[in-house]
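Enquirer: quick one, structure for this:
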Amino acid sequence: MSEVNRSAPPPVGSWTRLVTARPRLALLAALVITALAVFAGSGVADRMGSGGWQAPDAESTYATEVLAREFPASQPNLLLLVDSGSTTVDDPAVAAEAARLVERLEAEPGISGVGSYWGSTSPALRSEDGHEAIIAARIGGDETTAGETLDRIAPAFAGERGPVTVSLGGPVAVQHEMQTIIQEDLLRAELIALPVTLVLLVMVFGSAVAAMLPLGVGIVAILGTNAVLRGLTEFTDVSVFAMNLTTALGLGLAIDYALFIVRRFREELSGGADPRAAVGTTLRTAGRTVLFSALTVAVSLSAMLVFPQYFLRSFAYAGIAVVLLAAAAALILLPAALVLLGPRINSLDLRRLLRRRKKGATGAALGDGADAAPGRGWARLAALVMRRAPVFAVVTTVGLLLLGLPFLGVKFGTADDRQLPAGAESRVVQEHIRDGFPGSPGGGLEVLAEGQGSPAEYADLKSRIEKLPGVLRVDGPVAEGAVAYYSVLPEGEAVGEETQQLVRDLRAVPSASSLDTSVTGTAAVLVDSKDAIADRLPWALAIIVVVTLLLVFLLTGSVLIPLQAVVLNALSLTAMFGAVVWVFQDGNLSGLLAFTSTGDIETTLPVLMFCVAFGLSMDYGVFLISRIKEEYDRTGDHEHSVTFGLRHTGGLITAAAVILAVVMVAIGTSRVTNTKMLGLGIALAVLMDAMVVRSLLVPAVMKLMGRSTWWAPAPLRAFHRRFGLSEGDAAPPGAPAAVPDPGGRGGPEDPEPTAESEETADASRDIGEPARR
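Expert: Purely as a prediction, here's the structure:
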């Protein structure tokens, strides 16, 4: 039998004393802090940006900033699409109205670099059918300032203006409209997720009172995170996309943690413990698991801080804050509420009424009879899997790998206007320009040349650029003092492989010693983004793997279980990555899901989805392994402990995964493609992890590994005895004795459950329990 850790409990014990001594004071303080968070976090979305895919220290970012400062007309971010209707854009009345629009736009504060087809007669600014033309300008300032400027000028320019109709497009309009749509979609997602989640929680807990507690924890976490993000916007850029993760993880993890804690609390109550003793035992057991789970999730999300793009860093800010706040609320506020509620946690049992009605109609209530013991179906599943462990291990692993095969064909790209729904004004403008104007709009490259170059040196550089493969035309140089730039039109697609290679070739072109060159443009941004992610990805993976191995070792004392956890977690994500490519890159189901496939995946999305999904998978893994470890410490029976762990957590994990998937699917109803991909992809990942990996692969692998699962060399065993923690830690002196677990902590042979314990185990039957054979 493994040795039980007898070390003093961690700070959770002090939390227990706090919430059990003055629970009303703890809840009152939480209410005040939450009210302050509502005030502090108000208007946070309006201060967020919708970009952040560029690396701030990249060559393309530097060149873009210099060009925007020295040559605003070369970097327009606002496009006015002027539609002349039945006449052509060369009609005198149309030209006169366009001139008035240009004059008014030049007079607007914050606008520079205004140019138009009528002022330059450039064929690139006139549609091929002659009925549309472009007025281009640059709005200065950061994303927030540019958005405010756009809001101010849009009513004065958009719509019918004399003989023409004007629509607004360009990067600023696309980003601003995306930000607005995300806020609207997030509100709709919350209105969908909250009532559905409440219904599922009632199904899981039975009691309407118990069902409200996770929602309260989630609301506290979400509001607190909004306040944190609002504070961060004073110091750094934060992406509006992070709001979606705040809602999803705030609800999802709050429900995970509350399910685990409330379930354990009700078990202790059903065993005869008073509310204070039940809370103490719950926090020494389930509370420690929640703490470790929160740390593992936070570590996975913190890995995104190593990347320079503020899009990824924003998800780390939001994720770490919401995870820690959800855990704090679950470990402080929830126990305080449980102490006050006591047995009333089971009040308003709505399922009891349904069971009575069903019994009257069918003669037998759900779960009645000896076969309805809590988790009995999960115990049978564990036994079946371990009897055929090699078969389940091989078939499940091969199946997951096959589902991930489409990811081998992934193509990375940049987010553009096609992220927006088809009817969005800025997207319509960009489509008209992309489809109806000559050349490759938005696909050009700029070569910035800085230094005191002579005319001959500028001419020589232009000649070298023109000789590169894939170059269609080179314009320039346009010079201003010691700064000049060339416009390069590539032969290939805007962000195609040929154009990306052209970016590399341009950067390798030798120039005179007096000139320093740098390259920017859409393809250059993509190249720099891919390079930045590839450069930092090994560090991010190292952080996740090393810290995860350490935390799981501290929880289990085993060397092999942490390795198993990392490998199986990664394996659980294969279906998500395969589906992302098959659906969103290749366009399958695009009609059903209402999005436009661009033929590639935005570069940062796979990194984001990996960090979030890996953390959530570890969340479920910690729940299962901690319960197995607790029983193994008590009995020393490996196979029984695996069965026990799955029996007592299988329903909870599946219920939590279903509820989190509901929240993520609600996020996935967004009209913005990247948000849709994030929501639906992570929903698939958590379901696969809970229903396939935790239910089938983990028991099979642990059976194959046998008692060696718990092996560790002597020095590490000594380290774990001193510093490690597990659910089975002994109570401190003077603490109430732990009561027997009504589901089977009393020994390898589980005793018959009490009526109360059957109610607390309904999550195992109502949601997710395998069908009885």
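Enquirer: from Arg284, how far off is the nearest residue to Gly521 once chain neighbours are set aside?
Expert: In this structure, Gly521 finds its nearest non-sequential neighbour in Leu445, 3.7 Å apart by C-beta to C-beta, 6 or more residues apart in numbering. Any C-beta I mention is one placed from the backbone N, CA and C, and that applies to glycine too. As judged by C-beta to C-beta, to the nearest Å, Leu445 and Arg284 stand 62 Å apart.
Enquirer: then Phe610?
Expert: Distance, Phe610 to Arg284, using C-beta to C-beta: 33 Å.
Enquirer: over to Gly119?
Expert: Here the criterion is C-beta to C-beta. By it, Gly119 lies 75 Å from Arg284.
Enquirer: same deal with Pro275?
Expert: From Pro275 over to Arg284 the distance is 15 Å, taken as C-beta to C-beta.
Enquirer: those two - which one has more neighbours?
Expert: Arg284 (24 against 21; other C-beta atoms under 10 Å).
Enquirer: okay, and the more buried one sits in which element?
Expert: Per DSSP states H and E: Arg284 is located in helix 275-302.
Enquirer: report the buried residues of the strand or helix carrying Ser112.
Expert: For Ser112, the element it lies in under DSSP H and E is strand 111-116. Of all the residues in strand 111-116, those buried under the rule 16 or more other C-beta atoms under 10 Å are Ile111, Gly113, Val114, Gly115, Ser116.
Enquirer: not counting that strand itself, show me its contacts.
Expert: 71-76, 78, 98, 102, 105-106, 125, 133-140, 149, 153 (C-beta atoms under 8 Å, 6 or more residues apart in numbering).
Enquirer: among these, which ones are in strands?
Expert: Leu78, Ala133, Ile134, Ile135, Ala136, Ala137, Arg138, Ile139 (DSSP state E).
Enquirer: correct me, but the residue nearest to Gly521 touches Arg504?
Expert: No: taking contacts as C-beta atoms under 8 Å, Leu445 lies outside contact range of Arg504: 11.4 Å.
Enquirer: pick out whichever of these two has more residues nearby.
Expert: Between Leu445 and Arg504, Leu445 has the larger neighbour count (other C-beta under 10 Å), namely 25 against 12.
Enquirer: spatially nearest residue to Gly52 (excluding sequence neighbours)?
Expert: Among residues not flanking Gly52 along the chain, Phe311 sits closest, at 3.3 Å (C-beta to C-beta, 6+ apart).
Enquirer: now the buried members of the contacts of strand 111-116.
Expert: Among the contacts of strand 111-116, those classed as buried by 16+ other C-beta under 10 Å are 71-76, 78, 98, 102, 105, 125, 133-140, 149, 153.
Enquirer: count of neighbours near Val622?
Expert: 27.
Enquirer: who's in contact with it?
Expert: Contacts of Val622 by C-beta under 8 Å, 6+ apart are Thr289, Phe292, Ser293, Thr296, Val552, Leu555.
Enquirer: a strand runs through it, doesn't it?
Expert: No: secondary structure assignment (DSSP: H, G, I helix; E, B strand; the rest coil) places Val622 in helix, not in a strand.
Enquirer: how close does it get to Ala565?
Expert: Note on Val622: its distance to Ala565, by C-beta to C-beta, is 8 Å.
Enquirer: what residue ranges in the stretch 601-750 of the chain are flagged as low confidence?
Expert: The stretch 601-750 of the chain contains residues with pLDDT under 70 at 725-750.
Enquirer: helices of that one, start to end?
Expert: Using DSSP state H, counting those that start in this stretch, the helices of the stretch 601-750 of the chain run over 605-635, 638-668, 673-688, 698-705, 714-723.
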